[in-house]
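Enquirer: Let me see the structure of the following:
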Amino acid sequence: MSLQLFIVEDEPELAALVADYARASGYAPVLFDDGAAALEALRTSTPALVVLDLMLPGLDGLSLCRALRAFSDVPVVMVTARVEEIDRLLGLEAGADDYLCKPFSPRELMARIKAILRRSGHGARPLAIDEAARRVAIHGKPLDLTPSEFALLAALARRPGQVFSRAQLLDLAFHDSLDVTDRAIDSHVKNLRRKIAAVAPELEPIHSIYGLGYRFDL
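Expert: Next up is the predicted model:
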C-alpha cells in the first residue's frame with residue numbers, strides 16, 4: 001500500500017503538479033486547499049508526511065503546524081513564496097521538518113520527502129534482493145522468479161539509475177548462457193513487471209529508456 005501524503009496548497013495548478021510527482025514517486029496524495037480542513041483531517045488521519053503551504057485561507061500554515069504539533073509528530077515540509085530568513089526560522093520553530101521556497105523543483109521536493117521518510121522509518125525499501133540466497137521479496141512477500149529473471153533483476157538493481165543496453169544486460173546477467181538473445185531480455189523484463197505488479201501494483205522499478213535499454217529506479 002502506498003504511503004499517504006497530505007498536500008495542503010491553495011494554488012490548484014501547483015497542488016496538481018505536486019500530486020502528479022507524488023503519484024509518480026509511489027505515494028498516495030490527498031489534496032487540501034484550506035488549512036482548517038486539513039487540520040480537521042489530521043485529527044483523525046495520520047499521513048506519512050504533510051506538504052504545507054505557508055499562506056493559506058482560513059488557517060495559515062504556521063498556525064496549522066503549531067496546532068498539529070500539539071497532538072502529532074507527522075513530518076512536515078513547508079513551502080512558501082516568502083524567502084526572508086525570519087520566515088524560514090518561524091517555519092522551523094513552528095515544527096516544520098524542512099522548508100522549501102517557491103518556485104521550487106518538484107523533483108527536489110520529492111527528494112526531500114524521501115530523505116525525511118527514510119529518517120522517520122518509512123524509508124525501508126519495498127523490494128529486497130538477497131543474491132547469496134537468490135531470493136527476492138516485495139514488502140516481505142517472496143517473489144517467485146525463474147533463474148533468468150532473478151539474474152536480470154539483480155544485475156539491474158546493483159546499479160540503480162544507470163541505463164543498460166540489452167547487450168550490456170546479456171553480458172552482466174547471462175554471460176554464461178549462449179542461448180539467450182537480446183530480444184529475450186524484453187521477454188524477461190515483461191515477465192518481471194507482471195510478477196512485481198501482481199504483488200505491488202504501485203511499484204514500477206524497471207523503466208524502458210527509448211532507443212537505449214532499461215533502468216532500475218525504486
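Enquirer: tell me what the longest helix along the chain is packed against?
Expert: The longest helix of the chain (DSSP state H) is helix 182-199. Judged by 3 or more Cβ pairs under 8 Å, 6 or more residues apart in numbering; DSSP states H and E, the packing partners of helix 182-199 are helix 147-157, helix 166-173, strand 206-209. Just so you know, the C-beta spots here come from the backbone N, C-alpha and C atoms, and that holds for glycine as well.
Enquirer: so which of those comes closest to residue 189?
Expert: Between residue 189 and these, the tightest spacing by Cβ to Cβ is seen for strand 206-209, at 5.7 Å.
Enquirer: In that closest one, which residues are buried?
Expert: residue 206 (16 or more other Cβ atoms under 10 Å).
Enquirer: Provide the strand pairings for the helix or strand encompassing residue 99, with the direction of each partner.
Expert: Assigned by DSSP states H and E, residue 99 belongs to strand 98-101. Strand pairing for strand 98-101, using DSSP bridges, gives strand 76-80 (parallel).
Enquirer: gap between the partner strand and the chain center?
Expert: In terms of Cα atoms, centre = their mean, to the nearest Å, the centre of strand 76-80 is set 17 Å apart from its chain centre.
Enquirer: again, but for stretch 209-218
Expert: Distance of stretch 209-218 from the chain centroid (Cα atoms, centre = their mean) equals 18 Å.
Enquirer: follow-up on the earlier one: I'd like the next helix or strand past the strand holding residue 99.
Expert: Past strand 98-101, the next helix or strand by DSSP H and E is helix 106-119.
Enquirer: mean confidence for that following helix?
Expert: Regarding helix 106-119, the rounded mean pLDDT is 89.
Enquirer: Mind giving me the packing neighbours of it?
Expert: Looks like helix 106-119 contacts helix 12-24, strand 49-53, strand 76-80, strand 98-101 (3+ Cβ pairs under 8 Å, 6+ apart).
Enquirer: Tell me the spacing between residue 74 and residue 134.
Expert: Taking Cβ to Cβ, to the nearest Å as the measure, residue 74 and residue 134 are separated by 39 Å.
Enquirer: Which one's more surrounded, the two?
Expert: residue 74 (18 against 12; other Cβ atoms under 10 Å).
Enquirer: where's that one relative to residue 64, distance?
Expert: 12 Å.
Enquirer: closest one to residue 174 among the helices and strands packed on helix 106-119?
Expert: Of these, nearest to residue 174 by Cβ to Cβ is helix 12-24, at 30.9 Å.
Enquirer: List the buried residues of the closest one.
Expert: By 16+ other Cβ under 10 Å, the buried positions in helix 12-24 come out as 14-15, 18-19, 21-22.
Enquirer: Go through the residues you listed and name the one nearest residue 48.
Expert: Taking those together and measuring to residue 48 by Cβ to Cβ, the closest member is residue 22, at 10.6 Å.
Enquirer: coming back round to it: next, format the buried residues of helix 12-24 as TSV and append distance to residue 174 and pLDDT.
Expert: TSV is the format used below for the buried residues of helix 12-24 (distance: Cβ to Cβ, whole Å; pLDDT from 0 to 100):
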residue	distance to residue 174	pLDDT
14	46	95
15	46	96
18	41	95
19	40	95
21	35	92
22	37	92
